[in-house]
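Enquirer: The sequence isn't on hand, but the structure is:
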């Protein structure tokens, strides 16, 4: 099964040298699934010829906001609608979560409540709490009609959205490990994220994570266009 990765953000050189770009992170995390991959850097205006170019699709995170004025955003939203219309499974992470919601009629904004950085715990419907790395100020505030919210916490009400038979998206970053998140705190956070939030995030980096379970959810959805049944 071939997965098309739509790259919407660029990892800064000082982190990319050790950790790679976002598509490489996902290829590493999904390596046990038996997929093949092809990446299109949509952030640089590079788009696939159509949704038939892959069997399933993944949209990465990005430092950009879905509400910003970028020439590549309208064609990305149109391509998302084409993927859904073609019946190809689609997953999105962070920015991917937000832009899929916007493309399908929802709303994502720069959240007035501020930032979520580092390990965050979300209540997953029917499955209990799951802790995953996060790095975002934007979030989905009004999900599209027909979507179902599967995870939330007090800060982020719509942390995972299921579009039955079409797409599955999550706000946090199951592809981020502790080392990469520490790099973001050191290299990207100062002057952007409030210092207290960075300190709290760094202090919590050693907590146990449930990222592998969320990665398995992404794999399962790409293969079956539904999520596995799991007990809480």
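Expert: Everything's here; your move. What you see is a predicted model, and the numbers here were worked out from it, not measured in a lab. Numbering: from 1, shown residues only.

Enquirer: Any idea how many residues pack against residue 185?
Expert: 20 (other C-beta atoms under 10 Å). In short, each C-beta sits where N, CA and C put it, glycine included.

Enquirer: Then residue 4?
Expert: When neighbours are counted by other C-beta under 10 Å, residue 4 registers 21.

Enquirer: The spatially closest residue to it that is not a sequence neighbour - how many residues pack around it?
Expert: Nearest non-adjacent residue to residue 4, counting by C-beta to C-beta, 6 or more residues apart in numbering: residue 54, 3.1 Å away. Other residues near residue 54 number 24, with proximity taken as other C-beta under 10 Å.

Enquirer: can you pull the pLDDT of residue 54?
Expert: Residue 54 is assigned a predicted lDDT (pLDDT) of 98.

Enquirer: swap in residue 229?
Expert: For residue 229, the model assigns a pLDDT of 84.

Enquirer: does the most centrally placed residue in the chain have beta-bridge partners, and which?
Expert: In the chain, the C-alpha nearest the mean C-alpha coordinate belongs to residue 93, at 0.8 Å (C-alpha atoms, centre = their mean). Applying DSSP bridges to residue 93 yields these beta-bridge partners: residue 170.

Enquirer: In a helix, residue 32, correct?
Expert: Yes. Residue 32 forms part of a helix when assessed by DSSP: H, G, I helix; E, B strand; the rest coil.

Enquirer: sorry, back to before: tell me the contacts of the residue nearest to residue 4?
Expert: Contact analysis of residue 54 by C-beta atoms under 8 Å, 6 or more residues apart in numbering lists 2, 3, 4, 38, 48, 88.

Enquirer: sorry, back to before: the residue nearest to the centre of the chain and residue 167 touch, don't they?
Expert: No. Counting by C-beta atoms under 8 Å, residue 93 stays clear of residue 167, with 11.8 Å between them.

Enquirer: For residue 151, give me its contacts.
Expert: Contacts for residue 151 (C-beta under 8 Å, 6+ apart) come out as 122, 123, 124, 125, 130, 159, 160, 170.
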